[in-house]
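> Structure here, sequence nowhere to be found:
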């Protein structure tokens with residue numbers, strides 16, 4: 001069988017044909033790949049432009065908005081690490097039960113009565129506390145003599161808050177235990193002395209009057225027939241519900257008339273039985289000096305905290321009045337019960353001789369208290385003048401009245 005050997009010409013032709021086919025395929029494949037690459041690039045660019053870019057703009061805008069909102073949000077100092085909804089920025093003085101404290105089951109009082117007390121005034125304190133508790137007040141007692149257990153026999157003892165610190169004034173207690181954020185839940189804060197009679201006083205009626213009259217800082221008038229009245233403006237007027245000024249004859253800068261604009265002629269109360277609105281107390285608390293525990297001088301400046309015109313917003317309530325017995329016991333001044341009982345067994349002559357010897361041999365702490373009060377008054381006035389001089393951003397709303405203040 002003859003097998004013809006391949007022809008050289010035909011082999012060459014076949015190779016040429018295959019080469020030609022490859023050459024034709026390669027450019028086409030190259031063009032296809034190039035088109036695919038360019039198309040992918042265009043699609044990717046279009047995708048980023050339509051989706052990615054649009055999404056980032058929203059995120060950027062949202063973040064910018066959130067940053068601006070958060071920057072403008074006021075947060076209590078120290079709470080920045082917490083989510084806002086969990087921050088409890090205020091408190092109150094309500095006592096809570098250890099159990100059965102279901103939400104909504106506890107009644108909340110809207111006013112606070114606080115008083116510095118000593119056991120020697122137990123009779124007067126008992127009457128005051130009972131009256132204020134019956135009018136749904138929260139009551140807080142500051143025990144300046146350190147005696148707390150001897151109050152436990154009174155029915156209300158376990159219903160009030162007791163704070164004890166020896167030989168401290170009510171202003172010392174108030175500065176430390178009545179911070180504005182603690183008492184923010186109370187509409188009015190009564191901060192009274194212990195030597196007051198409340199037989200003719202009705203807390204609910206009093207609050208109704210000061211709300212109607214717009215009094216931010218006030219006090220009940222003193223019954224002039226039974227009280228020791230130190231300042232004429234505090235004496236009760238029988239023909240008025242409220243009075244805001246007093247009239248007194250005197251020389252230039254000493255009398256009080258219809259044109260008077262400064263304490264104690266107007267815009268002034270005494271410090272024995274002050275009543276503050278929530279907003280006024282926040283201001284007053286900041287003015288109380290931490291180291292000046294007698295608070296002398298504070299009375300003449302209370303009008304700056306009256307939330308407006310002190311001539312209108314500070315006043316004395318005549319319709320609801322009290323009695324000032326003037327029984328100073330903080331720091332001494334009244335014999336204790338055992339001393340008084342021992343005196344009952346002696347003659348009148350022996351009592352006089354004993355008291356005379358006592359005064360001559362014993363140091364009277366009340367004299368020292370009064371001396372310290374005058375020292376603190378001078379310090380407070382100096383601090384006020386310095387603060388006014390140094391604060392370039394503060395404008396005195398009563399510049400002329402400051403010159404006319406006969407107590408300055």
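The structure has been received and is ready for your questions. Nothing here was measured: the structure is a model prediction, and the numbers come from that model.
> This structure: helices as residue ranges?
8-47, 53-72, 122-133, 170-177, 203-213, 278-287, 298-301, 310-313, 337-343, 348-361, 365-390, 399-404 (DSSP state H).
> Break down the stretch 101-250 of the chain into its strands, ranges please.
With DSSP state E, counting those that start in this stretch, the ranges of strands along the stretch 101-250 of the chain come out as 111-117, 138-143, 161-164, 188-192, 196-197, 217-222, 242-243.
> Of these, which stretch is the most buried?
Scoring these by mean neighbour count under mean count of other Cβ atoms under 10 Å gives strand 217-222 as the most buried, with a mean of 26. C-beta here means a position set from N, CA and C on the backbone, and glycine is covered the same way.
> And the contacts of it?
With Cβ atoms under 8 Å, 6 or more residues apart in numbering as the test, strand 217-222 has contacts from 201, 206, 210, 229, 234-237, 243, 269-270, 272-277, 280, 284, 302-303, 305-306, 310, 313-318, 320-324.
> Turn the strands of the stretch 101-250 of the chain into a markdown table, columns for distance to residue 73.
Shown next, in a markdown table, are these (distance: least, Cβ to Cβ, whole Å):
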| stretch | distance to residue 73 |
| --- | --- |
| strand 111-117 | 30 |
| strand 138-143 | 32 |
| strand 161-164 | 34 |
| strand 188-192 | 29 |
| strand 196-197 | 45 |
| strand 217-222 | 32 |
| strand 242-243 | 41 |
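> so can I have a markdown table of those showing mean pLDDT and distance to residue 172?
Shown next, in a markdown table, are the strands of the stretch 101-250 of the chain (pLDDT from 0 to 100; distance: least, Cβ to Cβ, whole Å):
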| stretch | mean pLDDT | distance to residue 172 |
| --- | --- | --- |
| strand 111-117 | 97 | 9 |
| strand 138-143 | 98 | 8 |
| strand 161-164 | 98 | 11 |
| strand 188-192 | 98 | 12 |
| strand 196-197 | 97 | 20 |
| strand 217-222 | 98 | 21 |
| strand 242-243 | 98 | 31 |
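> Comparing the helices of the chain, which yields the minimum mean pLDDT?
Sorting the helices of the chain by mean pLDDT places helix 337-343 lowest, at a mean of 38.
> out of the strands of the stretch 101-250 of the chain, nearest to residue 330?
strand 111-117 (7.1 Å; Cβ to Cβ).
> what lines up beside the closest one in the sheet?
strand 138-143 (parallel), strand 188-192 (parallel) (DSSP bridges).
> I'd like to know which of the strands of the stretch 101-250 of the chain is closest to residue 265.
strand 242-243 (11.6 Å).
> neighbouring strands for that closest one, and are they parallel or not?
Applying DSSP bridges, one finds strand 242-243 paired with strand 314-324 (antiparallel).
> Off-centre distance for stretch 240-253?
In this view, stretch 240-253 has its centroid 32 Å away from the chain centroid, taken as Cα atoms, centre = their mean, to the nearest Å.
> do the same with stretch 373-388
23 Å.
> how about it: buried residues?
373, 376-377, 380, 384 (16 or more other Cβ atoms under 10 Å).
> Output those residues in JSON lines; the columns should cover distance to residue 263.
As requested, the buried residues of stretch 373-388 are exported to JSON lines (distance: Cβ to Cβ, whole Å):
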{"residue": "373", "distance to residue 263": "17"}
{"residue": "376", "distance to residue 263": "18"}
{"residue": "377", "distance to residue 263": "14"}
{"residue": "380", "distance to residue 263": "14"}
{"residue": "384", "distance to residue 263": "13"}
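> Identify the residue nearest the geometric centre of the chain.
With distances taken as Cα atoms, centre = their mean, the residue of the chain nearest its centroid is residue 180 (1.2 Å).
> That residue against residue 285, yeah?
Yes: in this structure residue 180 lies within contact range of residue 285 using Cβ atoms under 8 Å: 5.3 Å.
> Give the bridge partners for residue 324, please.
So, taking DSSP bridges as the rule, residue 324 has residue 196 as bridge partners.
> correct me, but it touches residue 224?
No: with contacts counted by Cβ under 8 Å, residue 324 stays clear of residue 224, the gap being 9.9 Å.
> Who has more neighbours out of the two?
Ranked by neighbour count (other Cβ atoms under 10 Å), residue 324 and residue 224 place residue 324 first, with 21 against 17.
> ok, that one - contacts?
195-197, 222, 227-229, 272-273.
> do the same with residue 247
Per Cβ under 8 Å, 6+ apart, neighbours of residue 247: 256-258.
> Which one of the residues you listed is nearest to residue 188?
residue 256 (27.6 Å).
> What is the neighbour count of residue 214?
Neighbours of residue 214 (other Cβ under 10 Å): 15.
> how near is the residue nearest to it when sequence neighbours are not counted to residue 303?
Nearest non-adjacent residue to residue 214, counting by Cβ to Cβ, 6 or more residues apart in numbering: residue 313, 6.2 Å away. Noted for residue 313: a distance of 8 Å to residue 303, by Cβ to Cβ, to the nearest Å.
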